[in-house]
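Colleague: Show me how the following folds:
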Amino acid sequence: MMRRLLMTTGLIAGGLGVAGAASAQDCGDVTLVLHNVQSAEVLAQVDKFILEHGYGCDVETVPGDTVPTTTSMVEKGDPDVSSETWVDLLPEIVPRGIEEGKIVFGSKALPDGGVQGWWIPKYLADAHPDIKTVEDALAHPELFPDPEDPSKGVIFNGAEGWGATVVTNQLYKAYDAEAKGFTLMNPGSAAGLDGAIARAYERGEGFITYYWAPTALLGKYDMVMLEATVPHDPAEWKRCITNIDCPDPKVTAWPVDTVMTVVTKDFAERTSPAVMDYFNTRGWSNDTVGKLMSWQTENQATGEEGALHFLEENRDLWSQWVPAEVAEKVQAAL
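Modeller: Here you go, the predicted model:
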């Protein structure tokens, strides 16, 4: 059914191609990268639909990944747009590209930022509103019983090989969690972690787990991230928290990653100001994209299908990104 819907939508949209041709000269050709990350892929597909049907752009999509794509944008000026770029993962490439005038930032693709940390189920947070911080949770191991030893509390770690797994190990030591009655459960794989969370959540059990947002799993299961009582300390993060052999980690908050829309300077100068206004405005919350990714996962939907679902169900949101006449064109194409 979903495939038929997509084909029908494509036929309807194709009928509007002539109407959009007049504005295509203003927008011109656009190359969008499709990152192999679910949130980035679906945002690029949303951009593609809005640019084609709202602004009359001629859009081409190309596969890519964060480091090689951004490097190519800086060094070769191609592709034109990366809808979602985690710029903190590129501490040398992005600043150099900005300084040399090769790339410019659009809006924050994720205004909430990319967040990581330790989470608890919302049903437990609601039942115990006094638990807001990591320290609050560690004071109550009885609320987070280890399935293998209910006399202790449990913290689910990340998968083998993840940098976040090293961080959780070090923070476990920094918080002195073992002495406070907690065990650190290593799930072995991403699937093992997701399975442990799903089982415990669906049974209504208490647990603390590492995770990150936006993700499909947090779109499906309502979770609350525990706060740190100290700010992020970059020096400590580098010295010890990310180094598994460091014996004396100190407590620090997880960093919040900056997630931007990045465009080449050449594209920003050759396209219409209206298109750049769009890229300077558009962005969505972690909750919005998490729920969308959850819908995609449950329906085995592609990024293109996810984009259509979002546009059909969330006009109140995306219509704020564009002028009224553009919103009407997009709605007509749907």
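Colleague: what's the weakest-modelled helix or strand in the chain?
Modeller: Of all the helices and strands that make up the chain, helix 2-15 has the lowest average by mean pLDDT, DSSP states H and E, namely a mean of 39.
Colleague: Might one say that residue 221 is in contact with residue 199?
Modeller: No - using Cβ atoms under 8 Å, residue 221 is not in contact with residue 199; the gap is 11.1 Å. All C-beta atoms are positioned from the backbone trio N, CA, C, and that covers glycine.
Colleague: Please enumerate the strands of the stretch 1-150 of the chain.
Modeller: Counting by DSSP state E, counting those that start in this stretch, the stretch 1-150 of the chain has strands at residues 29-35, 58-64, 81-86, 103-108, 115-121, 145-146, 149-156.
Colleague: my read: residue 279 touches residue 263, true?
Modeller: Yes - between residue 279 and residue 263 there is a contact under Cβ under 8 Å: 6.1 Å.
Colleague: so what's the residue nearest in space to the middle of the chain up against?
Modeller: With distances taken as Cα atoms, centre = their mean, residue 214 lies nearest the centre of the chain, 3.8 Å away. By Cβ atoms under 8 Å, 6 or more residues apart in numbering, the contact list for residue 214 reads 39, 110, 112, 114, 286-287, 289-290, 293.
Colleague: same thing but 10 Å
Modeller: Counting by Cβ atoms under 10 Å, 6 or more residues apart in numbering, residue 214 touches 38-39, 84, 110, 112, 114-115, 259, 284-294.
Colleague: For residue 148, give its distance to residue 196.
Modeller: The gap separating residue 148 from residue 196 is 11 Å, by Cβ to Cβ, to the nearest Å.
Colleague: and those two? which has more neighbours close in?
Modeller: residue 196 (19 against 9; other Cβ atoms under 10 Å).
Colleague: contacts for the helix or strand hosting the more buried one?
Modeller: Here residue 196, judged by DSSP states H and E, is contained in helix 190-202. For helix 190-202, the surrounding residues in contact (Cβ under 10 Å, 6+ apart) are 119, 121-124, 144-145, 147, 154, 156-162, 165, 185-189, 205-207, 209-211, 215-218, 220-223.
Colleague: what about this structure, any weak spots by pLDDT?
Modeller: The chain contains residues with pLDDT under 70 at 1-25.
Colleague: What count of nearby residues applies to the nearest residue in space to residue 232 that is not next to it in sequence?
Modeller: Distances taken as Cβ to Cβ, 6 or more residues apart in numbering place residue 253 nearest to residue 232, at 4.4 Å, with adjacent residues excluded. When neighbours are counted by other Cβ under 10 Å, residue 253 registers 16.
Colleague: which residues sit in contact with residue 253?
Modeller: Residue 253 neighbours (Cβ under 10 Å, 6+ apart): 117, 134, 171, 227-233, 237.
Colleague: and if we set it to 8 Å?
Modeller: Contacts of residue 253 were listed using Cβ under 8 Å, 6+ apart, and they are 117, 227-228, 230-233.
Colleague: What of residue 163?
Modeller: residue 242.
Colleague: just to revisit the earlier point, are there residues contacting both of residue 279 and residue 263? Which ones?
Modeller: Common contacts of residue 279 and residue 263 (Cβ under 8 Å, 6+ apart): 81, 106.
Colleague: Using the three-state scheme, assign residue 183.
Modeller: strand (DSSP: H, G, I helix; E, B strand; the rest coil).
Colleague: measure the residue of the chain most remote from its centre to residue 71 for me?
Modeller: Here the centre of the chain is the reference, and by Cα atoms, centre = their mean the most remote residue is residue 151, at 35.9 Å. Distance from residue 151 to residue 71, counting by Cβ to Cβ: 52 Å.
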